[in-house]
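**Q** predicted model follows, preceded by the sequence.
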Amino acid sequence: MTGARDDVLVCDNIVRRFGGVVALKNVSVAVKRGEIFGLVGPNGSGKTTLVNAVTGFYPPQEGRITLDGKKINGLKPYMIASMGVARTFQNVALFHGMSVLDNILMGRHIYMKPNPLASFFYPWWARKEEIENRKKVEEVIDLLQLAPARDEHVDVIPLGLQKRVELARALCAEPKLLVLDEPMAGMNQEEKEYMVRFILDAQEALGLTVLIIEHHMDVVTALCDRILVLNNGQEIAQGPARETIANPLVVEAYIGKPRDAA
Amino acid sequence: MAYFVELLINGALTGLMYSLVALGFVLIYKSAGVPNLAQGAVVMVAGYAVWLFLSWGLPVWLSIPAAMVTMFLFGLVVERLLLRRMVGQPVIMVVMLTLGLEILLRGLVPGILGSAPKSIDVGIGFAPVIIGDVFINRTSLVGGIVALLLVGASLLFFRTRLGTKLRAVSDDHISSWAVGISVERAIGISWGLAGIAAVVAGALWGSSQGVDWTLSMLLFPAIAVVILGGVDSIPGVVVGGLVVGILGSVIPGYLDSIVGGSTRDVVTSLIILLTIMVRPFGIFGREDIERI
Amino acid sequence: MPALVLENVEVIYDKVFLAIKGVSLEVGEGEMVALLGSNGAGKSTTLKSISGLLGPERGLVTRGAVSYDGRPISNMGAPERVAMGLVHVLEGRRIFGHLTPDENLVAAFHGKSSSRFNELRDQVYTYFPRLKERIKSKAGYLSGGEQQMLAIGRALMTEPKLIMLDEPSLGLSPLLVQEIFGIISEINAREKMSVLLVEQNAAATLDIVDRAYLIEQGQVVMSGSADVLKSNPDVQDFYLGGADHVDYRNVKHYRRRKRWLA
Amino acid sequence: EEVKFGLLQDFTAVYTFVTGQYNQGQRDYLTLINEEGGIDGNTFTAIVRDTGNQPQRGIEAYNRAKEEGAILFDFLSTPVSAAILDQAGADARVVITPAHGRGDASDGTVFPYIFPMFATYWAQAANLVEFMKTNGGGIEGKKIAIVHIDSPFGREPLPILDALAEQEGFEYQSFPYASPGNEQSSAWSEVRRYRPDFVLIWGAGGGQAVSVRTAIQNGIAPEQIHSVIWLAETDAANVGPQMKGVKRFEATASGTELPIIQRIQEKVIATGKGSGEEANVGNSYYNLGVATMAVAVEAARLGLEGGEPLTGETLKAGFEKIAGYDAEGLMPPITITAEDHQGGGAGRISEWDGEAWVPVSDWHAAYPELVRKVIEESAAHYGEGN
Amino acid sequence: MFYRLSGTFHTNYQADRKLWKIPADRWLVLTVFALAVLAPFLVSPLYLGSYVLPWIIWSAAALSLTLLMGMAGQLHFGFAAVMAIGAYSSIHLVRAGVPFEIALLLSGIIAAVIGAVFGAAALRVKGLYLVMATLAMQYLVDWVVVNVPWISGGAHATLRTPAVSFLFMDISSLASRYWLALAWAALITVFYLNVKRTSFGRSLVAIRDKDFAAAVIGVDPFKTKLMAFFTSSFLGGVSGAILAFCYYRAVTPEQFGFNVSIQLVAMVLVGGLGSVIGSYLGAGFVLLAPIFLTNLIAGLAASGWVPVSQNFLSHLPLVIYGAMIIGFLLFEPLGLAKIYDNIRKYFLVWPFRHARS
Ligand SMILES: Nc1ncnc2c1ncn2[C@@H]1O[C@H](COP(=O)(O)OP(=O)(O)OP(=O)(O)O)[C@@H](O)[C@H]1O
Ligand SMILES: Nc1ncnc2c1ncn2[C@@H]1O[C@H](COP(=O)(O)OP(=O)(O)OP(=O)(O)O)[C@@H](O)[C@H]1O
Ligand SMILES: [Mg+2]
Ligand SMILES: [Mg+2]
C-alpha cells in the first residue's frame, strides 16, 4: 500500500522498539493533503515515538514511511526537514541564546546556504540572502502576532509565547507537513483559544497539512478532521474525530468516565 | 613469556594504583555530578598531608588516619567555598572551576610546604616479590590490594540509603532539595570521601616517587581509567584501571625500544579517544537519558 | 488556624526581574487550595518562595514574609523546610532519572526506621499501583503519567503536612488527569494533608479544591471559595471556556481585555 | 655601581626539584660578595622571577629585567632559554645556561652571548662512560642501558653515546619512559632482561628516585647505576638507604667544608642574611648555584679590569678571560675562551655513601675532542635554523 | 552622555543588521582601532613587545576558540595543539620556499583539516566527554611533535622562524610584527562579528542550544559541527603561525602544551563565552594579570613589605591565576564582557537606572 495521491504522509506497519519495550507495534496511518490529523492516546502510548519516527529521530525498525510518495525512513532528521516536514516539540525546544527574531529566522535555514566564507564577506555575499529571508519571516511574525516580542530574548518570554515562537519557526520553513506535539500543554483556556486560532489561520493562509498530538479533547474535536488513537503502541481506533472519541474502547483506555455533573 | 607475565602483572597493579586516583573522581561524580579535574591535585595535597604528619614525628599508622581526617575536612571546605555556588551551572563552568582549583592547589601547597620532592616512607619495603623470573613491585602490590578493598567498600556504601541519596543528588540538585536532601552536605561528603581515597593514593604514589606537584599529573591516567570504566561506575574503576594499566605496560614494553619514545601516554590518549568514539559512556557508565 | 501564610511576598530574579509583586495567601490545616493564573503569572515562583528553591535560579525574596505553623521560614534552607513538613512537587516532574522508582522513594525518605519506610512505600504503591509494575526500570524511561505519579509518591515519602503540586496534570491524558486529581483529593481527605495546587486546568481544579487564588502578572487579583470563583463571569470566560463549551473555530479574533487589570 | 643579574627561573613547573636550592645558593653568594664589599665597589643585585618554564612569561620577564638594567640572565629552563637565545644575542646580554639549554651553545663562535660554563650533557655522558671504562674493568664488549625521560633532554646523550660506542666498542640501548616518570615498571622489566653491565639514568626530579628504586627492585645493583647531574640529596632521602653506591656526575663539589661555603656560613647565614633554609646550604644544587655566581662574579671582575663600566659586552669579555678559575676548590678549574663557552667540560663522578656524595674520580674532562666535535656539528645545524 | 540610544531608529532590515548600530559605538570602535594602529609610536618597545603584542595575538587565538566554544558550544581543551600545528606548518612551509602569505594560508588549512579530526569526536559526544577527547588529542599532538624530530627540529626541539616579508613589508622589526598581528586580529574580529549575523553563525548557535531542534529545521549537525571545528581551527592555526613569526620567533613544543590550552579556555571564560570584546579583555586579563601581580609582589618583597620566601613568592602567580579563574566563575560567570556590558548599559539608559521597570 502506498496510499492515494493526495496522501502527504503514509506510515505503513511501523514497528519501533527500545530495548525490550515495543513502543510502536504495526502502526499504519495516512494523512491527506490539507487536513488536520489528530494523534491521541494515553501517556506512553507511543504518540511522540511515532512522530519521532516520521521526523527521523527514532527511525522505525520495521515498516515504511513515505512523504509524497518518497520513502523517508532511514533518512536523518535534517534531510527529512529539508524535504518539507517541520515540527514542534512536547517540551519547548527553542534556542536559548537567540532572540525571538533569530529563532524564527532559523526556520528559514533550509532556504539559506550557511557558509563560513560567505560570512566572512558578509556585505557582498550574504547580505542579500539575509534580507530576502527576513521578509518571509516578518510575514509569519505578523500572522502570529509576534511583533511586540520580536527583539526579546526567548527565555524571558512566557511559555505560551514560546510555544508560538516555536510554531512560527516551523511555519517559516513553509512545510508540506506540520507536526505539532502537544502545542497546548500547560495552557489555560484563553491561551488555548488563541493557539487554535493561530493554527487555523496558518493552515488557511499557507495551505498546510497538520499532524497534531493533543490531550485536550475539546481542542481535538474542534480542530481535527480525523484522529488516530493509540494505546500501548497499537491502534485502537481511527476515524472522524467526534465519533472516534465516543468509541467505548477509547473512552475506557483514554478518556475515562465523564465526571459527575454535580 | 615471563617478560609478558611480568608486564601484565605489574601493569595490572599499576593500573589499580591509578584506580586509587580514579576512585576519588568517580566518588565525586557519582554523588555530586561534578567532574573533578582537580582530583590529581587533591592527591598531591593528600601526599603533602601525609608527609607533614610524618615529619612531625607521627608514626605511619597514625599519620595516614590523621591525613584522612584532614582531607575529609578539606573536602568539606572545598564544597563550602566553591562547589556550593556552582549548583546548576553548565559543565564547562564546573570543569573549569575544578581546573582553577587544581592550579590554585598546585601553587598554594608547594608554595607553602616547599616544592622540592619530599620523601615519605610508609614502611612497605623495597624488595620485589619474586615468582620465578617475574618480579612484582611491592608498593604496587599493596596499592592494588588496597584499591580493591576501597572499591569494595565504595560499592557497599552506595547500596546504603545515604548512598542512594548521593546518587539522587548527582541526578538533579534541585529536586534533591525539593525532597529534603541536603545537597550541600551530600556534595561535602562526596568530596570528603574522595579526600580519603586521595590519602591512600597520595601515600602510595608519594612513597614511590616522592611528594611534589607532579603527583597531580596522575590525573591523566586516572581520566583514562574513568572514561573507560564509566565516569559514574565504581566497578568501572577496577576494570578501567586494569585495562589502562595493562595496555600502558605491555604495549610500551614491546614498542618503546622500537619507536625510541615512550608510548605510554599515547596508549593512554588512545584509550580515551577510542572509548569516547566507540562507547562514549564507557564500559559500565550510565547513558544520558534524553527524551525528545 | 492557617498553617501557611504568605504576606506580601515579592520575588526578584537575577537582581533585576520582578516576578511576583506582593503576593499574600493562606493555606489552612487540612485545606485544599488552588492557585490559578495564566502563563508566567508567577505561580511557580510563589511555590518556590515557599519551598525555598529560588536560590538555584538566582531568585530572591526581597520583601514580605513566609511563615509556616506560626514560624517564619524565609531564612531556612529547602531541606529544613521539608523537615518541617512542606514539600514541593516540581513543575515538569523532575524525578531522578537514573534511579529506579524504588530508589527514588528511598532517596526521599529521611527517617531512620526501616519499618516506617516500608509502611510509607507500601502506601505509595497502593495509591499508585502502576509504579510497582515498573519497579525495575530506570525512572527516566517511565511515561509522563508514571513520572508524575512517582514525583507525587516521592514527595509523600517525606511525610509532609502540606504538599504543593505544580501543574500535576501537565501533558497527562484525560483519564490520568482524573486519576491524579482523584488521588490528590483522597490524600487530602484521608491523611488530612493540606494541599496547595497550581493548575491550568481550572475546570477540574475548581471541582476539587476548597478555595482558590487567581494570580495575574505577579499579583493576586481574586480569591475566594471555589464556588464563588466558578460563578464569576471573568473566570468563566478566561479559565473555564464560558458557560458552554467553546466553539474554537469561531472564537473572537481580537484580544479581549481582562477586567481586573487596570 | 649596582650590577644586576636576572635570575628568571622556573620555580613552579618542571625544574622545581632544583630551582629552590640552586637559586638560594646563587643569591647567598651574591650576598656574600656584597658583604665583602663587592667588586671594585660594585655590588650585585639579583632580580628573581618565576617563569613557570613558559616561554611567554620568560620573554616578558627578560624584557622587563633588561629594562631594569640586568646584564646577565639565568633562566634555568631549556624552553625559555631557547626562546631568548636570539634576542639576547641581538641585545648583547649574557645568558648563562649551566646544566640546561643547548649543549652546542658551547661554541662561542656561533653563540657569542651564551655561556653553558659547565660540562654540557654531552660532556657529562662522556665523563660517565669514561668512568665506567676505567673503574668498571673496561668497557669493550659491555652493555649499557640508558633509561631516560622521553623528552629532548632525555634524548640529549644519545648522539655522543653513538660516537663513543663506536670508538670504545661497547653496546648500548635506550629505554624511554613517559614524563614525569612516576611509573617506569615496564621500562625496567625490559632493562633487567637486557642484562646491562652499567645503567645510565637520565631524568630529573621525582622520576630519578623512581628510576633508582625500580632499578634496585629489578635486581640491578646500586653500584651499576650512574646518573646525570640531576640526582641529589633530596632524591637520596626519597629512595632511602638502598641508594648507597649509586653514582652520578657532578660539576661542583657538595658539602659545607669548602672555603666559599664556609664563608657563606659565616658572613651570610650566621648573620641572618641567608635567603632560604639553612639545611640546604652545602647541598649539591645549592653549591651548583653558588658556583654559577662565582663564575659570573669572576667574569665581572675580569670585565671591569679594562676600566670600563660593566655592560653586556664587557661582561662577555670578562667571561672569555676566565682561566683556571676553580672557586676555591668548589669546582674544577675552568677556562673559558671565545670559542669554548663550556669552560672545558670537566667534572667528576661521586658516589652516595648513605650520608653524602663522595667523589670517586678526579676533576677532568673526558673525550674532549669527541665532545667538541658533537658541539660543532650541532652548532652548524643551528646555523640552518634549528 | 555620548552613549544614547535615543534618536537612533532603523528603517530597513539592512540597518537593523549593522555591526555597530549606535553611532557612538562606531566612533568608539574607530578610535580604539586608530589607537591600536598607532601603538608603536605611543608605547615603549618594552610594553609593545612584551604586553601589547602578545595580548593582540592571544586575543586573536581566544576569538578563534570562542567561535567554537562560545558560538557552537563545542568544548575544546586542546586548542594549543591546533595552534602548534599552524605554527609548525608555517615554519616548515616557509623553509620549503613557500611565500609567507601563502604559507600562512596553507598552515591554517592544515590546522583546519587536522582540527576537524578533533571535531570527529564531537559528533558523538558533548560536554565532559568532549573535554576529555580533545584533551587526549592534545597529548597525541604533543607526542608527535616531540617524538618526530623532522617536525620539532631535531635534538633540541627548537625551530627558529626564517626571516620573511609580508606583502613586500619586511617582518622583522617589532612594529611591523605588531602591525601584522594587529591586522590579523582585526580581520578575525570582523569575521567573527559577521558570522554572528549570518545563517552560518545562527546554525552554530542552534547546534549549541538544542541540537535536535536544530536538526528538525534542517541543520545538518555533522556538517555544521565539522564546519565549526574547521573554521575555528583554521583561525587558530593561522594565529599559531602569527604567534610563531611575530612573537616567539622560535618554537618549542612547550609553547603549545596542555597548560596553554587551559590558559586559552580561561581567556575565553574569563572574558565571557562567545563575546568579542570578552576575548580581548579575557586574553589581556589572563595573560597580564599574573605578570603584573608577580611584578607588584616581587616589588613589595624586594622593599621588604611582604616577608615571604622566594618559593612562596614564585608560586603566588599560580595561586592568583587559579584564584582568578575560580573567582570569575563564582562571582561573574558571564565574564568581563558582562561587566563591560553592565557599564555600557548604564550609560545607554542613563539617566535612568534600569532598562525595565
Ligand atoms: N529514548 C527512549 N528510550 C527508551 N524508551 C523510550 C524512549 N522514548 C520513548 N520510550 C518509551 O516508549 C514508550 C512510548 O513513549 P512516547 O514518548 O512515544 O509516549 P507518548 O505517547 O508521547 O506519551 P505522552 O503523552 O506522555 O507524551 C514509553 O513506554 C517510553 O517509555
Ligand atoms: N529563573 C528565572 N530567571 C528570570 N526570570 C524568571 C525565572 N523564572 C521565572 N521567571 C519569570 O518570572 C515570571 C513568573 O514565572 P513563573 O514560572 O512563576 O510563572 P508561572 O505562573 O508558573 O507560569 P507557567 O504557567 O508558565 O508555569 C515569568 O515572567 C518568568 O519569565
Ligand atoms: Mg509525547
Ligand atoms: Mg509554572
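**A** Arrived safely, thanks for sending. Ligands and ions are numbered 1, 2, ... in the order given.
**Q** buried ones in the strand or helix carrying residue B:153, by neighbour count?
**A** Of the helices and strands defined by DSSP states H and E, residue B:153 is found in helix B:138-159. Using 16 or more other C-beta atoms under 10 Å in any protein chain shown as the test for burial, helix B:138-159 gives B:138-144, B:146-147, B:150-151, B:154, B:158. Where C-beta positions appear, they are placed from N, C-alpha and C, glycine not excepted.
**Q** stretch E:105-125: how far from the chain's middle?
**A** Remark: stretch E:105-125 is offset 17 Å from the chain centroid, using C-alpha atoms, centre = their mean, to the nearest Å.
**Q** related to what we said a few turns ago, do the helix holding residue B:153 and chain D meet?
**A** Yes. Counting by C-beta under 8 Å from any C-beta of the partner chain, contacts between helix B:138-159 and chain D involve B:138, B:140.
**Q** let me see the mean pLDDT of whichever helix or strand comes after that helix.
**A** For helix B:138-159, the succeeding helix or strand toward the C-terminus, using DSSP H and E, is helix B:161-171. The pLDDT scores in helix B:161-171 average 91.
**Q** try stretch B:235-249
**A** Rounded mean pLDDT across stretch B:235-249 is 95.
**Q** can you check stretch D:169-182 too?
**A** 91.
**Q** is chain B within reach of that stretch?
**A** Yes. Residues of stretch D:169-182 are located near chain B by C-beta under 8 Å from any C-beta, namely D:173-182.
**Q** ok, now which ones touch the nearest residue to residue B:35 once chain neighbours are set aside?
**A** Spatial nearest neighbour of residue B:35, chain neighbours left out: residue E:128 (4.9 Å); criterion: C-beta to C-beta, 6 or more residues apart in numbering or on different chains. By C-beta atoms under 8 Å, 6 or more residues apart in numbering or on different chains, the contact list for residue E:128 reads B:35, B:91, B:95, B:231.
**Q** count of neighbours near the third one?
**A** Residue B:95 sits with 23 neighbouring residues when counted by other C-beta atoms under 10 Å in any protein chain shown.
**Q** helices or strands up against the strand or helix carrying it?
**A** Assessed by DSSP H and E, residue B:95 sits inside helix B:91-113. The helices and strands touching helix B:91-113, judged by 3 or more C-beta pairs under 8 Å, 6 or more residues apart in numbering or on different chains; DSSP states H and E, are helix B:39-55, helix E:128-147, helix E:258-271, helix E:310-331.
**Q** make JSON lines out of the ones you listed and add distance to residue D:52.
**A** Putting the helices and strands packed on helix B:91-113 into JSON lines (distance: least, C-beta to C-beta, whole Å) gives the following:
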{"stretch": "helix B:39-55", "distance to residue D:52": "16"}
{"stretch": "helix E:128-147", "distance to residue D:52": "17"}
{"stretch": "helix E:258-271", "distance to residue D:52": "8"}
{"stretch": "helix E:310-331", "distance to residue D:52": "7"}
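**Q** can you lay out those as JSON lines showing mean pLDDT and distance to ligand 3?
**A** Output for the helices and strands packed on helix B:91-113, formatted as JSON lines (pLDDT from 0 to 100; distance: least, C-beta to the ion, whole Å):
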{"stretch": "helix B:39-55", "mean pLDDT": "96", "distance to ligand 3": "40"}
{"stretch": "helix E:128-147", "mean pLDDT": "90", "distance to ligand 3": "28"}
{"stretch": "helix E:258-271", "mean pLDDT": "93", "distance to ligand 3": "37"}
{"stretch": "helix E:310-331", "mean pLDDT": "88", "distance to ligand 3": "37"}
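**Q** which of those sits closest to ligand 1?
**A** Closest approach to ligand 1 among the helices and strands packed on helix B:91-113 (C-beta to the nearest ligand atom): helix E:128-147, 18.9 Å.
**Q** show me which residues of chain A sit near ligand 2.
**A** Residues of chain A found near ligand 2 (C-beta under 6 Å from any ligand atom) are A:156, A:158-159, A:186.
**Q** off-centre distance for the helix holding residue B:153?
**A** 12 Å.
**Q** what's it in contact with?
**A** Residues from elsewhere that reach helix B:138-159, judged by C-beta under 8 Å, 6+ apart: B:10, B:12-14, B:16-17, B:19-20, B:23, B:26-27, B:30, B:124-129, B:163-164, B:166-167, B:193, B:197, B:200, B:204, B:207-208, B:234-235, B:237-238, B:241, D:185, D:217.
**Q** need the contact list for residue C:170.
**A** Remark: with contacts taken as C-beta under 8 Å, 6+ apart, residue C:170 is in contact with A:185-186, C:91-92, C:148, C:200.
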